[in-house]
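Enquirer: Pasting the sequence and the predicted coordinates here, then a few questions.
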Amino acid sequence: MNLEKYYSYKDSDIDWLAKIPIDWGVKRVKESIDNCIYGTSEKTNSEGKFEILGMGEIQGGKIIPSHSNFLYEVDRSLLLRKEDILYTRTNGSFELIGKAGILEIDIPNLSFASYLVRLRLKKNENSLFYNYLFNSYLFRAKARNICISTAQNNLSSSKYINIIIPRLDKKEQIKISNFLSLKTSLIDRKIKLLQDKKTSYEELKKTLINETVCRGINKNVELKDSGIEWIGQIPINWEIKRLKDKFTLMSSRINYFEGTKEYLSTKSISNNKVEEIEEIITYKNRPYRANMQPKINSVWFAKLRFTDKSYLFDKNEEVIKYILSTGFAGLLCNEVHKKFAYYYIISNYFLYQKDSFSYGTTQEAITEPNIRSIIFLNPPKQEQIQIAKYLDEKTSKIDEIISKIKDQITTLTEFRKILINDVVTGKARVQNEWNTFAR
């Protein structure tokens, strides 16, 4: 999409705006609003007459109630109405500060929590335009720049409403907001289709792994009853074993090492890749917590219930480099082909058992004795190698497709972000035909 620029520009003398169209002016946010107010600090319940919105209910520039937090009484001044805008003023995550959303329809008995601020625009302003403006990346960057960061990040309303913004008449605001509403809805629709396509390929990959680690590659092989209802039939030459029969369980212990290690928690790993380093540890012959040092050809998985993070250590440089948290359990592949073991660990057959055996009070997780008891489908070693090679080839092709879809989603998301920013700040001009959409 190629958008034209305005005919002429002038300096705004504002750091985050730079140049603006010649017929635009500047003003402070407070000149456009009737009032701004913090929400209620009362502790919410699961029941009540008034629903209380939190920061999680601001999604994609919209207010989407989740119907989960309530109060029986709320000051009438804190009730929301159509076209009110909320922004996040307090949050532990710096990136979420200033996130704004608009209430698109009237919803009775709807209020909001104290870490949000309500902005109610004057009648001669277009709320949708301001919602786009407040969510533009240049405005958000300015807002975050003036927040106070201590234990929590805080962006007070007094600072927020004194940010200088473009001044343009309501007719131009409506033209811009209608243009962006149409264009962003088209982009969002494309992104949703791509996300659905990505999900389909991820499910295809999961199904392929599940079927192959339970039935093998040969679809014409003779089958036998496994004797386990949720597994069903397996190839006639496969064995039913327990993990303790085929693997050495690697348990938590005090580690002594020299040099530097990168500490991995379960948050650090995704799709057999290290995506985030928790912290760097440097010790010399000193114990570091009750954590684990991986060994070559060991498969690790998260012990927490409903957590499917896993990793195969098959490179010496990685074994030397990392130390893992006690959130993991490791299986040393003595008799089992390492890559077949990895595919089994990420299959539903393994995850179902791990989650079924998990228990606890604050966090449900599987214990070492229960890990040892998990059923393992054991093909002959040569067939394990064939299955691993087959799945490597098939899943790598699916991963390549998924990666391209992700790139498309990233490109569209970034384009959407730039489009909003450039139009609301005057860097790009909406054509005159958009006047026909003015409300």
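Expert: Perfect, thanks for sending it.
Enquirer: thinking Ile269 is in contact with Lys309, fair?
Expert: Yes - using CB atoms under 8 Å, Ile269 is in contact with Lys309, at 4.8 Å. Backbone N, C-alpha and C define where each C-beta goes, glycine included.
Enquirer: Ramachandran angles for Trp238?
Expert: When read as degrees, to the nearest 10, the backbone of Trp238 gives phi -90, psi 160.
Enquirer: That one - nearest residue in space that isn't next to it in sequence?
Expert: Take Trp238 and drop its neighbours on the chain: the residue closest to it by CB to CB, 6 or more residues apart in numbering is Pro379, 5.0 Å away.
Enquirer: Quick one, grab the pLDDT at the one you found.
Expert: According to the model's per-residue confidence, Pro379 sits at a pLDDT of 97.
Enquirer: For it, grab phi and psi.
Expert: Here Pro379 shows phi and psi, under degrees, to the nearest 10, equal to phi -80, psi 170.
Enquirer: Next up, the contacts around it.
Expert: Taking CB atoms under 8 Å, 6 or more residues apart in numbering as the criterion, Pro379 is in contact with Gly216, Pro235, Asn237, Trp238, Phe340, Ile387.
Enquirer: again, but for Val423
Expert: Going by CB under 8 Å, 6+ apart, Val423 touches Leu3, Tyr132, Ile176, Phe179, Leu180, Val430.
Enquirer: any idea how far Phe301 is from the second one?
Expert: So that's Tyr132. If you measure Tyr132 against Phe301 using CB to CB, to the nearest Å, the figure is 44 Å.
Enquirer: what bits of the protein have low per-residue confidence?
Expert: The chain contains residues with pLDDT under 70 at 1-2, 252-254, 289-290, 432-439.
Enquirer: try 80 this time
Expert: Low-confidence segments of the chain, defined by pLDDT under 80, are located at 1-3, 151, 251-258, 284-291, 431-439.
Enquirer: Spell out which residues make up each domain of this structure.
Expert: Taking automatic domain parsing as the reference, the chain has its domains at 25-167, 169-219+381-439, 239-378.
Enquirer: and Asp225, which of those domains is closest to it?
Expert: Taking CB to CB as the criterion, Asp225 comes closest to domain 239-378 out of the domains of the chain, the separation being 10.6 Å.
Enquirer: rewinding a little: which of the contacts of Pro379 are buried, as a PyMOL select command?
Expert: Remark: buried members of the contacts of Pro379, expressed as a PyMOL selection using 16 or more other CB atoms under 10 Å:
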select buried, resi 216+235+238+340+387
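Enquirer: Which ones among the contacts of Pro379 map onto helices?
Expert: Phe340, Ile387 (DSSP state H).
Enquirer: wait, what's in contact with the closest residue to Val74 other than its chain neighbours?
Expert: The spatially closest residue to Val74, leaving aside those adjacent along the chain, is Phe50, at 4.3 Å (CB to CB, 6+ apart). Phe50 makes contacts with Phe70, Leu71, Tyr72, Glu73, Val74, Leu79, Asn109, Leu110, Ser111, as judged by CB under 8 Å, 6+ apart.
Enquirer: top of the residues you listed by neighbour count?
Expert: With neighbours defined as other CB atoms under 10 Å, the most crowded of those is Ser111; it has 24 neighbours.
Enquirer: That one and Leu53 touch, don't they?
Expert: Yes - counting by CB under 8 Å, Ser111 sits close enough to Leu53 to count as a contact (7.0 Å).
Enquirer: Now do the shared contacts for these two.
Expert: When CB under 8 Å, 6+ apart defines a contact, the residues bordering Ser111 and Leu53 alike are Gly39, Leu80.
Enquirer: that older thread, what's the closest of the contacts of Val423 to Asp196?
Expert: With CB to CB as the yardstick, the closest approach to Asp196 among the contacts of Val423 comes from Leu180, at 23.8 Å.
Enquirer: Could you find the closest non-adjacent residue to the closest one?
Expert: In this structure, Leu180 finds its nearest non-sequential neighbour in Tyr132, 5.4 Å apart by CB to CB, 6+ apart.
Enquirer: Mind giving me the packing neighbours of the helix or strand encompassing the one you found?
Expert: Remark: Tyr132 resides in helix 127-135, with elements defined by DSSP states H and E. Where contact means 3 or more CB pairs under 8 Å, 6 or more residues apart in numbering; DSSP states H and E, helix 127-135 is packed against strand 85-88, strand 100-102, strand 116-121, helix 137-145, helix 170-215, helix 381-424.
Enquirer: how about the ones you listed, which one is nearest Leu223?
Expert: Here helix 170-215 is closest among the helices and strands packed on helix 127-135 (CB to CB), at 7.7 Å.
Enquirer: could you check the angle helix 127-135 makes with that closest one?
Expert: 60 degrees (axes from the mean of the first three to the mean of the last three CA atoms, to 10 degrees).
Enquirer: ok, then the element right after helix 170-215?
Expert: Assignment by DSSP H and E places the next element after helix 170-215 at strand 223-225.
Enquirer: residues making contact with that following strand?
Expert: Contacts of strand 223-225 with the rest of the structure, by CB under 8 Å, 6+ apart, involve Arg215, Gly232, Gln233, Ile234, Pro235, Ile236.
Enquirer: and if we set it to 6 Å?
Expert: Under the contact criterion CB atoms under 6 Å, 6 or more residues apart in numbering, strand 223-225 has outside partners Gln233, Ile236.
Enquirer: quick one: it to chain centroid distance?
Expert: For strand 223-225, the separation from the chain centroid amounts to 42 Å (computed by CA atoms, centre = their mean, to the nearest Å).
Enquirer: in it, what's buried?
Expert: For strand 223-225, the neighbour count (16+ other CB under 10 Å) marks no residue as buried.
Enquirer: Residue numbering should commence at 873 henceforth.
Expert: That works, and once the first residue is 873, the last one we named lands at strand 1095-1097.
Enquirer: Give me the sheet partners of it and which way each runs.
Expert: strand 1105-1107 (antiparallel) (DSSP bridges).
Enquirer: Got the phi and psi for Pro1159?
Expert: In this entry, Pro1159 is assigned phi and psi values of phi -70, psi 140 (degrees, to the nearest 10).
Enquirer: returning to that earlier point: can you tell me which of the contacts of Phe922 is nearest Ser1230?
Expert: The shortest separation between Ser1230 and any of those is 31.8 Å, and it belongs to Phe942 (by CB to CB).
Enquirer: how much space is there between that closest one and Phe922?
Expert: 6 Å.
Enquirer: which outside residues touch the helix holding Tyr1004?
Expert: Outside helix 999-1007, the residues within contact range by CB under 6 Å, 6+ apart are 933, 955, 957, 972, 974, 993, 1011, 1045, 1048-1049, 1052, 1292, 1296.
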